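>>> this is a predicted model, with the sequence first.
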Amino acid sequence: AQKITQTQPGMFVQEKEAVTLDCTYDTSDQSYGLFWYKQPSSGEMIFLIYQGSYDEQNATEGRYSLNFQKARKSANLVISASQLGDSAMYFCAMREDTTSGTYKYIFGTGTRLKVLA
Amino acid sequence: SQTIHQWPATLVQPVGSPLSLECTVEGTSNPNLYWYRQAAGRGLQLLFYSVGIGQISSEVPQNLSASRPQDRQFILSSKKLLLSDSGFYHCAWSVGGGGDTQYFGPGTRLTVL
């Protein structure tokens, strides 16, 4: 069965420093997608970044980058130059196919990031 | 651009009362739609997903049900709420036919007393 593991329940980082949030996954599919979402205190899930299993380059979106290591089945999120507004829960997710021709998504348990001034 | 709405934003209901949460998407046609529940301090649990009008797949039946009466409308219901139904309910959409990224609405915070 497909699974997402986030082993860091909480992380602290100093403002303006970089931080890496860990995510490992387990799947037997050849084609899959990996996602990171941010959940601020409002509760809404905000899409940050996506990596396809066939993408050879690591995905980047502004200060976010995804360190994709396929052989190790890891998809770590790197946030550069942390800002106070980055304090939030972060979820790693993976897409899996369904028999109805759409995708389902499974989520990790999340990492709570606190940025210190 | 696409927008997803959910209401109500916050709801406090007694045990045993009915529930109806609504989600609508604007700016796209034939989206895939999803309902998730997130208990306090936990991750997201997929409840239902739908690929079209009247087509509902259930992941965790429990005492909840979902309906899709229109292309861009998704409703989550219960006849009798339980204490364990408390949580944050997320509606999400993705492009129909296998679009990759899932986008979420603002959510509904439900407290069952």
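That came through, no problem.

>>> please count neighbours and contacts with C-alpha atoms only from this point.
Fine.

>>> report the central residue of chain B.
Among the residues of chain B, the one closest to the centroid is residue B:35, at 3.2 Å (Cα atoms, centre = their mean).

>>> thought residue B:53 was touching residue B:70?
Yes. Residue B:53 lies in contact with residue B:70 (Cα atoms under 8 Å); the separation is 5.8 Å.

>>> residues contacting the residue nearest to the residue nearest to the centre of chain B when sequence neighbours are not counted?
Residue nearest to residue B:35 in three dimensions, not counting chain neighbours: residue B:91, with 4.7 Å by Cα to Cα, 6 or more residues apart in numbering or on different chains. Each residue near residue B:91 by Cα atoms under 8 Å, 6 or more residues apart in numbering or on different chains is listed here: B:6, B:23, B:33-36, B:104-105, B:107.

>>> for these, work out which two are farthest apart.
B:33 and B:107 (13.8 Å; Cα to Cα).

>>> coming back round to it: element containing the residue nearest to the centre of chain B?
Assigned by DSSP states H and E, residue B:35 belongs to strand B:32-38.

>>> buried stuff in that strand?
By neighbour count with 16 or more other Cα atoms under 10 Å in any protein chain shown, strand B:32-38 contains the buried residues B:32-38.

>>> and whichever helix or strand comes after it, average pLDDT?
Later in the chain than strand B:32-38, the nearest helix or strand by DSSP H and E is strand B:45-52. Mean pLDDT, strand B:45-52: 92.

>>> what lines up beside the helix or strand just after strand B:45-52 in the sheet?
Where DSSP H and E defines the elements, the next helix or strand beyond strand B:45-52 is strand B:55-58. Paired with strand B:55-58 in the same sheet, following DSSP bridges, are strand B:45-52 (antiparallel).

>>> chain center to the strand it pairs with: distance?
On the basis of Cα atoms, centre = their mean, to the nearest Å, strand B:45-52 sits 8 Å off its chain's mean C-alpha point.
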